[in-house]
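A.B. asks: just need the structure, nothing else, for what follows:
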Amino acid sequence: MKGGREVILERCSAATARAPLLELPDPFARIAPSEAALAVCRVVKRYGRVTAVEGVSFAVRRGEIFGLLGPNGAGKTTLVRMLTTLTRPTVGELFVGGESVSKNPVAVKKLIGAVPQVNNLERELTGRENLVLHALLHRMPRRDRERRITELLEYVGLAHRADDRVQDYSGGMARRLLIARALLHQPSILFLDEPTIGLDPQTRRKIWDLIQALNREGVTVFLTTHYIEEAESLCHRVGIIDHGKLIVLGTPRELKERLGAFCVEFFGGEGTRRVFFPTRQDAKAYASTLSGDITVRRTNLEDVFVELTGREIQGG
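C.D. replies: Next up, the predicted model:
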């Protein structure tokens, strides 16, 4: 009988044969199947004539915080929906925890927790009641669910507001309750779709602290974002997606150093120009030959995206 590793490799190879247009290498080029928390193999998703995801392949290592970075409409949410069993791919295969998402969705659901971009909490219920409802859906024994709910409300800093209605929560509090709900059945992989969208900077950093604490406890985190600072601060590796295509993949440091660690930014004849250099010394030397308003700074992931696509992430 074939093991999980052999089955995944076989199916990824089959998916590759069905979708030869893909630009990126095999998803296991750098991560062994046995190390992968999830794998996306040559996946395409079409809605009628619209292609939302086009031939995407990558794998996420167990214990990793992986970020999918891109503007609104790039295909991030569609990928999350496929990985969390809500949408089937048109072409390709997806695996979570070694299980095929299409063939074993029930097994996959036991392994994952998901925090959607849209707040879908029951606003008329209290925070505690929302968690009880979710625990009942997962058929958790009463003693276990009461203990777990108490632990999680304390963990996300909502114990003092547990019996208030969700309609009276701030955006940050609702986001923390969504995370608690996703963790209720103790998943090994947590999906976060734009986890801090619409939150103020202070609340956003509280959510970052919570995500990092979860990861330190062994939870694999897959998040989507269009915030540059979020991807750079949280993620061990980042994939940049645009128009449904995964265009580059690596650690934030790797991606920035491919361009050059330092950027000289200045106004040229046709607008703002950016030139990249491996060292600050090289950047300053080049800047000394220019006149006008000049900035020498470290390269960021926005620069990587602009160089690859010709447009800014925030602009969508």
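A.B. asks: now do the residue nearest to the spatial centre of the chain against residue 179, distance only.
C.D. replies: The centroid of the chain falls nearest to residue 223 when counting by CA atoms, centre = their mean (2.1 Å). Using CB to CB, to the nearest Å, we find residue 223 at a distance of 11 Å from residue 179. Yep, even glycine has a C-beta here, placed from its N, CA and C like the rest.
A.B. asks: any common contacting residues for these two?
C.D. replies: 192, 195 (CB atoms under 8 Å, 6 or more residues apart in numbering).
A.B. asks: assign a three-state SS to the residue nearest to the centre of the chain, would you?
C.D. replies: At residue 223 the chain is in strand, as set by DSSP: H, G, I helix; E, B strand; the rest coil.
A.B. asks: for it, give me its contacts.
C.D. replies: 65, 66, 67, 68, 191, 192, 193, 195, 211, 230, 234, 235.
A.B. asks: dump the residues you listed to a markdown table, plus distance to residue 103.
C.D. replies: As requested, the contacts of residue 223 are exported to a markdown table (distance: CB to CB, whole Å):
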| residue | distance to residue 103 |
| --- | --- |
| 65 | 27 |
| 66 | 23 |
| 67 | 28 |
| 68 | 24 |
| 191 | 19 |
| 192 | 25 |
| 193 | 24 |
| 195 | 29 |
| 211 | 30 |
| 230 | 33 |
| 234 | 32 |
| 235 | 29 |
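A.B. asks: restricted to helices, list the residues you listed.
C.D. replies: 211, 230, 234 (DSSP state H).
A.B. asks: sort those residues by pLDDT and name the bottom one.
C.D. replies: Among the ones in helices among the contacts of residue 223, residue 230 carries the lowest pLDDT, at 92.
A.B. asks: out of everything not next to it in sequence, what's closest to it?
C.D. replies: Leaving aside its sequence neighbours, residue 230 sits nearest to residue 196 (CB to CB, 6 or more residues apart in numbering; 6.4 Å).
A.B. asks: with residue 177 instead?
C.D. replies: Counting by CB to CB, 6+ apart, the residue nearest residue 177 is residue 127, at 5.2 Å.
A.B. asks: one more: residue 250?
C.D. replies: Using CB to CB, 6+ apart, the nearest residue to residue 250 is residue 237, at 6.4 Å.
A.B. asks: that neighbour: what's it in contact with?
C.D. replies: 60, 61, 64, 66, 67, 249, 250, 251.
A.B. asks: can you put these in a markdown table and add distance to residue 280, neighbour count and pLDDT?
C.D. replies: What follows is the contacts of residue 237, written out as a markdown table (distance: CB to CB, whole Å; neighbours: other CB atoms under 10 Å; pLDDT from 0 to 100):
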| residue | distance to residue 280 | neighbour count | pLDDT |
| --- | --- | --- | --- |
| 60 | 33 | 26 | 95 |
| 61 | 32 | 17 | 94 |
| 64 | 30 | 20 | 96 |
| 66 | 30 | 22 | 97 |
| 67 | 26 | 27 | 96 |
| 249 | 27 | 22 | 92 |
| 250 | 22 | 16 | 92 |
| 251 | 20 | 12 | 93 |
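A.B. asks: ok, those vs residue 313, which is closest?
C.D. replies: For these, the residue nearest residue 313 by CB to CB is residue 67; the value is 12.2 Å.
A.B. asks: contact partners for that closest one?
C.D. replies: If you count contacts by CB under 8 Å, 6+ apart, then residue 67 has 223, 224, 225, 230, 231, 234, 235, 237, 238, 239 around it.
A.B. asks: of the residues you listed, closest to residue 255?
C.D. replies: The closest of the contacts of residue 67, once distances to residue 255 are taken by CB to CB, is residue 238, at 6.6 Å.
A.B. asks: and that closest one, that one's in a strand?
C.D. replies: Yes - the assignment for residue 238 is a strand, going by three-state DSSP.
A.B. asks: how are the helices of the protein distributed by residue range?
C.D. replies: 4-18, 76-83, 105-111, 127-137, 142-155, 171-183, 201-216, 228-234, 252-259, 280-287, 301-309.
A.B. asks: between those, which gets nearest to residue 269?
C.D. replies: The minimum distance between residue 269 and the helices of the chain falls on helix 280-287, with 17.3 Å, by CB to CB.
A.B. asks: would you put the C-alpha positions of that closest one in CSV?
C.D. replies: The C-alpha coordinates for helix 280-287 follow below in CSV (Å, rounded to 0.1, in the frame of the first residue of the first chain):
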residue,chain,number,x,y,z
ARG,A,280,24.0,51.1,1.2
GLN,A,281,27.5,52.3,0.1
ASP,A,282,26.7,51.6,-3.5
ALA,A,283,23.3,53.3,-3.2
LYS,A,284,24.7,56.4,-1.6
ALA,A,285,27.4,56.6,-4.3
TYR,A,286,24.8,56.5,-7.0
ALA,A,287,22.6,59.0,-5.2
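A.B. asks: show me the contact partners of it.
C.D. replies: By CB under 8 Å, 6+ apart, the residues outside helix 280-287 that reach it are 260, 261, 262, 263, 264, 266, 275, 277, 294, 296.
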